[in-house]
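>>> Below is the structure, and that's it, no one-letter string:
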């Protein structure tokens, strides 16, 4: 089944930016280190995650991601839209299981490419300071305002129910009116008296004055 291809997406720059969060120029810068990391991985591993012991990796004729641009577009679109794998696979012309394999292979390649370009996220204060070329104390001033930003305080409700089901199961309006106990002695006696009165009227002979 046909799928989205870079050759089609590149002709719509605005849509391409929406799908990947990168301009075409930024995308092209990322291609060489990304593809190098991908082939380094595929030299030792197969697409299904098993060690490569036979022939070397090559792009087959019916590969759903035949070019480096298609592979990077596939992964960036997945990260940007965070679609279900079945949706991601359908978008690029493959089944869910293949989409899962490609995502797990290409994601480490993207991280390696970002590290090679110096654009990978800093995971520690020391790494951030080294990237910015400042001391750790100076780097801390960059992130401290974010850390000290007060969290929004939600207004407390006037009365907290004992259980979240209380508002749904509690009676209200007409439903809260007291119910008549149909089996009480008073009700049974009144029902029997009404029945006897009806039967006595039906059993009375009709007089001619009634017509």
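Thanks, I have the structure now. Worth saying up front: this structure is predicted, and the values here are computed from it rather than measured.
>>> how about residue 15, phi and psi?
Phi and psi for residue 15, reported as degrees, to the nearest 10, are phi -70, psi -40.
>>> what number of residues lie near it?
Residue 15: 12 surrounding residues under other Cβ atoms under 10 Å. C-betas here are computed from N, CA, C, even on glycine.
>>> what's the neighbour count on the nearest residue to it once chain neighbours are set aside?
With Cβ to Cβ, 6 or more residues apart in numbering as the criterion, residue 15 has its nearest non-adjacent residue at 6.8 Å, and that residue is residue 9. Residue 9 has 19 neighbours, counted by other Cβ under 10 Å.
>>> List the buried residues for the helix or strand harbouring residue 104?
Counting by DSSP states H and E, the element that carries residue 104 is helix 96-117. In terms of neighbour count (16 or more other Cβ atoms under 10 Å), helix 96-117 has its buried residues at 98, 99, 101, 102, 103, 105, 106, 109, 110, 112, 113, 114.
>>> Check which helices and strands that helix sits against.
Applying 3 or more Cβ pairs under 8 Å, 6 or more residues apart in numbering; DSSP states H and E, one finds that helix 96-117 contacts helix 24-42, helix 68-81, helix 85-91.
>>> Buried deepest among the ones you listed, which one?
helix 68-81 (a mean of 20; mean count of other Cβ atoms under 10 Å).
>>> before we move on, the earlier item: downstream neighbour of the helix holding residue 104 in the secondary structure list?
Immediately after helix 96-117, counting by DSSP H and E, sits helix 125-132.
>>> quick one on the thing from earlier: closest to residue 135 out of the helices and strands packed on helix 96-117?
Closest to residue 135 of the helices and strands packed on helix 96-117, according to Cβ to Cβ: helix 24-42, at 29.4 Å.
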